[in-house]
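Novice: build me a model from this:
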Amino acid sequence: MRNRPGVSRLRSRHGEVALNVAEDVRRDAKGRVALVGDAAYCAAPLSGMGTSLAIVGAYVLAGELAAAGGDHVTAFRAYREEMRGFVGACRKLAEGNGKWFVPPTRAWLKFRNLNYRLLPYLPWRKLIEELPLKAGNAITLKQYAVAPA
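Specialist: All right, here's what the predicted structure looks like:
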């Protein structure tokens, strides 16, 4: 962490700096263990879709395990295929959001804050409101058979 670009500059300005790195996880299953949510396919904190990924992933994984009759290899393969487009859409949602959450300059900060205040009156309000819906609708959930009680 100390050798990452910009960290030494931060340390020289502000003393010791604590940073966390969000790793890009791209493994959803290994052996008989499957992961869901950020553990399986971290979409990046800036996507705002972590809970959606976890809930949809759990539903799909459970459904595919039931549909495969407990054959985890078949179920994990189907789970991966079902989730691929949804995960991609959620990751794409995070692209370019960094400047809005952590503005790089004071001018960007003022611009962002002004946009947030004026958002209800701006013509592109609907576009911003619909972005998460577009990612959320990137998957059509199957109706899995109900397991016998």
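Novice: just give me the longest helix of this protein.
Specialist: helix 72-94 (DSSP state H).
Novice: quick one, strands of this structure?
Specialist: For the chain, the strands defined by DSSP state E cover 29-30, 33-34.
Novice: how about a markdown table for those, with mean neighbour count, mean pLDDT and distance to E129 added?
Specialist: C-beta: built from backbone N, CA, C; applies to glycine. Formatted as a markdown table, the strands of the chain follow (neighbours: other Cβ atoms under 10 Å; pLDDT from 0 to 100; distance: least, Cβ to Cβ, whole Å):
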| stretch | mean neighbour count | mean pLDDT | distance to E129 |
| --- | --- | --- | --- |
| strand 29-30 | 14 | 80 | 35 |
| strand 33-34 | 14 | 86 | 33 |
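Novice: need the ones you listed in TSV (columns: distance to V146).
Specialist: Output for the strands of the chain, formatted as TSV (distance: least, Cβ to Cβ, whole Å):
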stretch	distance to V146
strand 29-30	24
strand 33-34	21
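Novice: show me where this protein has its helices.
Specialist: 7-14, 38-41, 50-67, 72-94, 98-101, 106-118, 125-136.
Novice: can you report how many residues neighbour A135?
Specialist: Neighbour count of A135, defined by other Cβ atoms under 10 Å: 24.
Novice: check contacts around the residue sitting nearest the centre point of the chain.
Specialist: Nearest residue to the geometric centre of the chain (Cα atoms, centre = their mean): A43, 2.5 Å. Taking Cβ atoms under 8 Å, 6 or more residues apart in numbering as the contact definition, A43 lies against M49, G50, L53, V87, C90, R91, L93, A94.
Novice: for F76, find the nearest of the strands of the chain.
Specialist: F76 lies closest, by Cβ to Cβ, to one member of these: strand 29-30, at 4.2 Å.
Novice: so which elements touch the closest one?
Specialist: With contacts taken as 3 or more Cβ pairs under 8 Å, 6 or more residues apart in numbering; DSSP states H and E, strand 29-30 sits against helix 72-94.
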